[in-house]
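1. pasting the structure only:
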């Protein structure tokens, strides 16, 4: 099991972590198998998304804000109900095939981390590469 640790700098943001995940796949020594990427935080997400146009990341955050607005009325006692709802909508893990020690992503796909309750000093992502 490998771990990424990093800070986030905004209340909500989408970060491309594809390169870091690809490095962990190489470090694992697994040539063929599956890579599982998981975040243990209930106000963040890991997901696959389009990696060429950064404007789409802003579009995604805007769309999620329409679904779960920060200033919405929620039963949750804390101030971060919207963050929890956005995270549950986007998911906390992805599984990606690995071939020849490379992630089998589509031409326009990347692995992304979504922050919905930042900024945070430290966020974690776990990466498990399983031979198969």
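-> Good, I have the coordinates. Here the structure is a predicted model, which means the values were calculated and not measured.
2. So which elements touch the helix or strand harbouring residue 88?
-> In the assignment (DSSP states H and E), residue 88 maps to helix 81-90. Counting contacts by 3 or more C-beta pairs under 8 Å, 6 or more residues apart in numbering; DSSP states H and E, helix 81-90 is packed against strand 44-50, helix 55-67, strand 109-115. From N, CA and C alone the C-beta is placed, and that goes for glycine too.
3. dump the residue contacts of the closest residue in space to residue 61 that isn't next to it in sequence.
-> Closest residue to residue 61 apart from its sequence neighbours, by C-beta to C-beta, 6 or more residues apart in numbering: residue 12 at 5.2 Å. Contacts for residue 12 (C-beta atoms under 8 Å, 6 or more residues apart in numbering) come out as 61, 64, 65, 83, 86, 114, 115, 116, 118.
4. and the third one, what pLDDT?
-> Okay, so that is residue 65. Confidence at residue 65, expressed as pLDDT, is 97.
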